[in-house]
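Enquirer: any chance you could fold what I've pasted below:
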Amino acid sequence: SFAGVLQQAQAGVVQDKAAANGPAGARYELHAPVHSPGFAPEMAARLSVAAADGIQQAQLPLNPAEMGPVQVQIVLDGQQAQVSFVAEQADTRAALEKSLPELAGALREQGLTLSGGGVFSQQQQTEASLLL
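Expert: Numbers count the residues shown, from 1 in each chain. So this is what the prediction gives:
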């Protein structure tokens, strides 16, 4: 159930908080295989808790390992969350894109609205770097 996955995600966040303060951000290992039915709920639960806790960057080692890792950037503006994923593997990007509705629902459970972001093959430039 989503409640069970959310509870596991919250436990994982507690363990990862120390890592979240470092420059690389938090690390949330996902146990459900990328193409399994459990992937989207696990990813969504972990990232919704991370967003609610103010985590801005995370790394998601995936199962199987060759599908990842995935870099995640979370930008909060009030109750609006923009979540951007960077993944090299096309199959991984497709799985993440299919998981976005589940992520939006999990964020709603945390009182947040998914307002933007997306899935990319490489790091996106910020507006500040574009202005230079």
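
Enquirer: contacting residues around S121?
Expert: If you count contacts by Cβ atoms under 8 Å, 6 or more residues apart in numbering, S121 has them with V86, A87, E88, A90, R93. The way it works is simple: take the backbone N, C-alpha and C, and place the C-beta from them, glycine included.

Enquirer: are any of these buried, and which?
Expert: V86, A87, R93 (16 or more other Cβ atoms under 10 Å).

Enquirer: and of those residues, the nearest to T113?
Expert: The nearest member of the buried ones among the contacts of S121 to T113, counting by Cβ to Cβ, is V86 at 22.0 Å.

Enquirer: against S48, how distant is the closest one?
Expert: 19 Å (Cβ to Cβ, to the nearest Å).

Enquirer: helix or strand for the residue positioned nearest the centre of the chain, which one?
Expert: The residue lying closest to the centre of the chain (Cα atoms, centre = their mean) is L47, at 4.2 Å. In the assignment (DSSP states H and E), L47 maps to helix 39-52.

Enquirer: show me where this structure has its strands.
Expert: Using DSSP state E, the strands found in the chain span residues 26-27, 57-60, 70-77, 80-86, 113-120.

Enquirer: tell me the mean pLDDT for the helix holding L47?
Expert: The average pLDDT for helix 39-52 rounds to 94.

Enquirer: turn the strands of the chain into JSON lines, columns for distance to E97 and mean pLDDT.
Expert: Shown next, in JSON lines, are those (distance: least, Cβ to Cβ, whole Å; pLDDT from 0 to 100):
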{"stretch": "strand 26-27", "distance to E97": "22", "mean pLDDT": "90"}
{"stretch": "strand 57-60", "distance to E97": "15", "mean pLDDT": "94"}
{"stretch": "strand 70-77", "distance to E97": "12", "mean pLDDT": "94"}
{"stretch": "strand 80-86", "distance to E97": "9", "mean pLDDT": "96"}
{"stretch": "strand 113-120", "distance to E97": "5", "mean pLDDT": "95"}
